[in-house]
Every structure is written in C-alpha cells, then in structure tokens.
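S.K.: Turn this into a model:
(chains A and B)
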There are 2 protein chains.
Amino acid sequence: MDTRLRQQIAFILEMDRLKAVLRQNLTPSAQRRENTAEHSWHLAIMGLVLEDQSPTPVDRAKVLCMLLLHDVVEIDAGDTFAYDDSGHADKIEREKQAADRLFGLLPKDQAHELRTIWDEFEAGKSPEARLARALDRLQPILMNHRSGAMSSWAKHGISKGQVLSRNREVEALSPALWALLTKCCNDAVAEGFLKP
Amino acid sequence: MDTRLRQQIAFILEMDRLKAVLRQNLTPSAQRRENTAEHSWHLAIMGLVLEDQSPTPVDRAKVLCMLLLHDVVEIDAGDTFAYDDSGHADKIEREKQAADRLFGLLPKDQAHELRTIWDEFEAGKSPEARLARALDRLQPILMNHRSGAMSSWAKHGISKGQVLSRNREVEALSPALWALLTKCCNDAVAEGFLKP
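M.R.: Numbers count the residues shown, from 1 in each chain, chains lettered A, B, ... in the order given. Here you go, the predicted model:
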C-alpha cells in the first residue's frame, strides 16, 4: 500500500471513533442518546434538503463537507453540552488541537483542504458556514421537540429563554426556520418539558 | 409553516429512523452493531477522502449525495445481510417501494432530484455510482477486519471466497483498493476469523 493510501485509511479508521461519542439529546426513533456520527449524517441530509433556506446561493459540496466534518474534533475533545458554560471556556483550544491531530493523519494536500473547510465552518462567515451552523443549531431542537419528557431539555431543566438566546444564528439565517424553532419551543413549554 | 417547509421537515424527521436500523457488522470503536445512519456518514467521509481512487474524475457533491442517501430505503425495507441470498431475492422490489414512499415525502422537485440520484447509485453505471458502490463494499470490510473475533465474518462463518466474489466491484474500480481488501481478507484468515 503506498503512503498516500495508508494515510487516507488511517484517517478513515480513526473516524470510526466518532460513533462512540455520545451527545446529550436523544434520537427519538432509536430512543437512546444520539452519537455524533449519526448526528453529522442527519445534518448533511438537512443541508441537502434545506439548502434553499439560505438567503444566498451555496456550494452544495462545501455545505455537505462542512456538515460531515464539523464535529470530528469531538473524537479527541468530546461533546460539549450546549448549555455547559464551563465546558465552553476551553472548547475552542481543545478542538483546535484535535483538528491539528486528526486532519494531520491525512496526506498534506487533503489535510490542508479539509482543515480549511473546518476552519471556515468555525469562522461562520461564508454563506455555506452560516447555513451549516444554523442547521447544526436546529437539528437538536427537532430531536428534543420529538423526545418530549425524555428530552435533554427536561433532563437538564433548560428554559425557553436559554434555547432562544443560544440559537440566534437560526434567526439571522432564515425567518422560516426561526419560526419553526420558536414553535418547537412553544410546544415544549405547553407540554411541560421546557421551562417557560 | 408553508407547505414546502412542512414537507421538508417531515422527510427530515422520518430520516431519524435510519439510526435505529442495525447492520450485521460492528463498529470496532463503539463495540456494538453499527447502524445505517452512522455507516452512511462514514461512507461519505470515505467518498471525500478516497475520491482520487476513481479512474475518472467525479462530481463530489453527487458522490456525497449518493452515499448519504443510498441506504435510506432501509427505513422501510430493513438491512439485508450481504451473504443472505434469500433476503436478496425481493430486495430490489422492497427497496423501490421504500424509495417511492420516502422521497415522496419531499416537495416534488426535490423528490425527483433525490430519487434520480438514488436510482443512479442503484444502476451503478456513472463514475460517481461506481466509486460510491465500491466504497459501500469496502467500508464493512474495514470494520470487520478491525473487529476480529467479534466480526460478522466470524459470527456467520463467512469464507474468503465469499467475500472476494461478493466484492468484485472494488476490483473493477481500483487496483489499490482491491489490494487493500484482499490484504484485509488474508489477515483475517491468518488470524482465524475468516474461513480460508
């Protein structure tokens, strides 16, 4: 096996570990905590279907790459719960170190290309990054809304105000998706699994 | 919520069910059976990293879409084990019906677009479909090779001959990936978890 393929396969095998990283929200269909690999797949499906929610046209391949790659750093850095303020303090540094190590497994040209895409998502400025980041906010809202009393909102005593203030990137992207997010919160408050 | 967005969200929520479809092979990192959603994510990562293994240039967005969507029909049709000949008899019909129902949840233009991509993967003729199908063969080989005595090869008493004859699409695509696949089989025979 030549060096290039050996490096590519090493990266691919390392990626398997993302299936063992558990998030706080459940998958309502499987009725267990969601892992980050399947979350990333679900997000990529959302990126494909909801690309018309971007106010400016987006490059589909770039959106999909961002959504597939944005959380791979959790292999080293773990998942940080959205409402864990202390966990967020050193999150950026931990995730940058993880990106250095993980993308560094690849051949140099691919390491550079995928790291650039990951950095662009983190910066959140391009149309693709803005869409991808808003969908990354919306996906767990949809999962929590479906999970009812089993949701991580109920488990951790989260309030509607916390959800709305944490997810303003959705509002900035799309009025329609923001209305959907708000409706999910209002339903959850009415049903008693999100604090008013 | 307008009709278009309502249809898109209905499709997205239905997709959550793919996380509950279990495959025969394990994920070696998580040490449990792999589900089809995380398998699809892993494949998309492979499509991104190994696109240079295609003998002809490929459209990245199309490859990624194929790999993200190719197995969504398992939501209705279930996973059919690669070496289950009876399960394969009506697989095509069951999966076509599933594709009708699932893509039919989407707005018409998107239903048509995504169904066309799914059909192209099934036909296996375009460069994108040939790459995607070969990677879909290779991914469980890598997972089984890593799983050793816990692999579905060991569990079901599979032989090297069965693996090689089932996975000729890899040989047709790329000598380097075929050499890798053959090496995985030879290692597994030597270690005693694949029959000679």
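S.K.: Check whether A:Trp178 really touches A:Leu164, as I assumed.
M.R.: No - here A:Trp178 lies out of contact with A:Leu164, judged by Cβ atoms under 8 Å, at a distance of 9.3 Å. Any C-beta I mention is one placed from the backbone N, CA and C, and that applies to glycine too.
S.K.: who's more crowded, these two?
M.R.: A:Trp178 (19 against 15; other Cβ atoms under 10 Å in any protein chain shown).
S.K.: Can you say which helix or strand has that one in it?
M.R.: helix A:175-190 (DSSP states H and E).
S.K.: I'd like the C-alpha coordinates of that helix written as CSV, please.
M.R.: Only the C-alpha atoms of helix A:175-190 are listed here, as CSV (Å, rounded to 0.1, in the frame of the first residue of the first chain):
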residue,chain,number,x,y,z
PRO,A,175,-37.2,33.7,9.2
ALA,A,176,-39.0,30.4,8.3
LEU,A,177,-36.5,28.2,10.3
TRP,A,178,-36.6,30.6,13.2
ALA,A,179,-40.4,30.4,13.3
LEU,A,180,-40.1,26.6,13.3
LEU,A,181,-37.6,26.7,16.1
THR,A,182,-39.8,29.1,18.1
LYS,A,183,-42.9,26.8,17.5
CYS,A,184,-40.9,23.8,18.8
CYS,A,185,-40.1,25.7,22.0
ASN,A,186,-43.7,26.9,22.5
ASP,A,187,-45.0,23.4,22.0
ALA,A,188,-42.4,22.1,24.5
VAL,A,189,-43.4,24.7,27.1
ALA,A,190,-47.1,23.9,26.6
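S.K.: Please work out the average pLDDT along it.
M.R.: Here helix A:175-190 scores 96 as its mean pLDDT.
S.K.: ditto for stretch A:112-119
M.R.: The pLDDT scores in stretch A:112-119 average 98.
S.K.: List of residues touching it?
M.R.: Here stretch A:112-119 makes contact (Cβ atoms under 8 Å, 6 or more residues apart in numbering or on different chains) with A:62, A:65-66, A:69-70, A:72-73, A:99, A:103, A:106, B:48.
S.K.: hmm, try it at 7 Å
M.R.: Stretch A:112-119 has contacts (Cβ atoms under 7 Å, 6 or more residues apart in numbering or on different chains) with A:62, A:65-66, A:69-70, A:99, A:103, A:106.
S.K.: try stretch A:140-149
M.R.: Applying Cβ under 7 Å, 6+ apart, the external contacts of stretch A:140-149 come out as A:25-28, A:34, A:151-153, A:167, A:181, A:184, A:187-188, A:191, A:193, B:12-13.
S.K.: if you set the cut-off to 8 Å instead, what comes out?
M.R.: By Cβ under 8 Å, 6+ apart, stretch A:140-149 touches A:23-28, A:34, A:39, A:82, A:151-154, A:163, A:167, A:181, A:184-185, A:187-188, A:191-194, B:9, B:12-13, B:16.
S.K.: State the distance from the residue lying closest to A:Ala179 once chain neighbours are set aside to B:Ala10.
M.R.: Using Cβ to Cβ, 6 or more residues apart in numbering or on different chains and skipping residues adjacent in sequence, the residue nearest A:Ala179 is B:Met1, 6.9 Å away. Per Cβ to Cβ, to the nearest Å, B:Met1 is found 11 Å from B:Ala10.
S.K.: A:Leu64 and A:Met46 touch, don't they?
M.R.: No - contact criterion Cβ under 8 Å: A:Leu64 and A:Met46 do not qualify, at 10.5 Å.
S.K.: OK, contacts around the residue nearest the centre of chain A?
M.R.: Geometric centre of chain A, nearest residue: A:Asp136, 4.0 Å, by Cα atoms, centre = their mean. Neighbouring residues of A:Asp136 by Cβ under 8 Å, 6+ apart: A:43, A:67, A:70.
S.K.: what sits against the closest residue to the first one other than its chain neighbours?
M.R.: Spelled out, that is A:Leu43. Nearest in space to A:Leu43, with sequence neighbours left out and distances taken as Cβ to Cβ, 6+ apart, is A:Leu67 at 4.4 Å. Neighbouring residues of A:Leu67 by Cβ under 8 Å, 6+ apart: A:40, A:43-44, A:46-47, A:132, A:135-136.
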